[in-house]
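>>> give me coordinates for this.
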Amino acid sequence: MSRRIQTLLFVLLLLPLHATADTVTVTTRSSGTMVASGEAERLLELPPGPADYELSFTSTLPAADIEVYLGSTDLSSWGPLEVTLQFRGIRHSFSIPEGMSWILIASNLGGEDLYRHSMTWPMIVSSFGLEGMMSFGLPAGGYPGTGDFSAQDFAVSDPATSLVALRVYQNGEATGQLTGTADRFEVSIVSAVPEPSILAGLCAGLAILGAAARRRARYAAAAPCACCARGC
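Residues are numbered from 1 along each chain as shown. Down below sits the predicted model:
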């Protein structure tokens with residue numbers, strides 16, 4: 001086998017290692033109206049009263065922790081977490097190296113398709129912590145995603161039910177929260193599961209290389225050696 005074919009084969013063999021990276025990143029965004037209560041206004045420096053908001057969670061979790069059971073798929077584990085809140089023009093962003101996240105996708109749960117993204121920022125190195133949840137429900141069969149953690153992007157407007165909550169902790173105690181409802185959700189999943197097109201391309205490439213190697217081997221076997229060509 002020529003060096004060129006060997007190099008191409010090595011690159012193709014590396015493709016599945018790249019395609020099956022071991023994490024899944026899920027981003028959930030919601031927008032609607034919420035109100036702050038307790039110490040949440042002071043700790044997050046928010047003005048009083050209800051207002052429009054935008055909230056997003058981004059969780060990066062091990063794909064090995066995906067579980068499927070009784071029509072539901074969930075992913076819960078520790079991993080990097082990003083939280084962004086915009087409320088009355090005030091924006092807060094939190095980058096959490098190690099937080100706990102739980103994403104649940106349930107079909108026909110009590111006649112409803114349910115999506116829920118929860119997170120917890122433990123107070124290990126700080127006296128400040130967060131705990132939050134965003135969820136929406138749709139009539140059974142109305143979930144626009146694939147129901148798993150393959151790569152996808154979709155939006156849901158005016159869900160049948162919705163709940164958004166962000167709880168603030170100080171020195172280990174819940175001191176306030178923001179609660180509300182959402183009229184729009186956006187979900188983006190960057191999946192570790194290889195796409196069918198990637199696997200198809202890999203198989204096609206390996207087939208071409210295999211055929212080329214076989215042709216080269218047959219040609220080498222049929223060609224006379226240099227000594228025979230000289231009549232020795």
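
>>> so where do the helices sit in this protein?
Secondary structure of the chain (DSSP state H): helices located at 3-19, 40-43, 196-222, 226-229.

>>> tell me the spacing between the closest residue to residue 81 other than its chain neighbours and residue 36.
Excluding its sequence neighbours, the residue lying closest to residue 81 (Cβ to Cβ, 6 or more residues apart in numbering) is residue 99, at 3.5 Å. Placement of C-beta: from N, CA and C, glycine included. Here the distance between residue 99 and residue 36 works out to 21 Å (Cβ to Cβ, to the nearest Å).

>>> so between those two, which is more surrounded?
Using other Cβ atoms under 10 Å, the more surrounded residue of residue 99 and residue 36 is residue 36, with 26 against 23.

>>> ok, the more buried one touching residue 85?
No. Between residue 36 and residue 85 there is no contact under Cβ atoms under 8 Å: 10.2 Å.

>>> quick one: terminal-to-terminal distance for stretch 60-67?
One end of stretch 60-67 sits 16 Å from the other (Cα to Cα, to the nearest Å).

>>> what's next to it, contact-wise?
Stretch 60-67 is touched from outside by 21-26, 73-81, 101, 103, 148-149, 191-193, with contacts defined as Cβ atoms under 8 Å, 6 or more residues apart in numbering.

>>> any of those buried? List them.
For the contacts of stretch 60-67, a burial check counting by 16 or more other Cβ atoms under 10 Å picks out 23-26, 73-75, 77-81, 101, 103, 149, 191-193.

>>> these in strands, which ones?
If you go by DSSP state E, the buried ones among the contacts of stretch 60-67 have 23-26, 73-75, 77-81, 101, 103 in strands.

>>> any idea which of those is closest to residue 41?
residue 81 (23.4 Å; Cβ to Cβ).

>>> the closest one and residue 149, how far apart?
Counting by Cβ to Cβ - residue 81 and residue 149 are separated by 17 Å.

>>> same question, residue 107
Taken as Cβ to Cβ, the span from residue 107 to residue 149 is 14 Å.

>>> one step back: what sits in contact with each of residue 36 and residue 85?
Residues within reach of residue 36 and of residue 85 at once, by Cβ under 8 Å, 6+ apart, are 44, 178.
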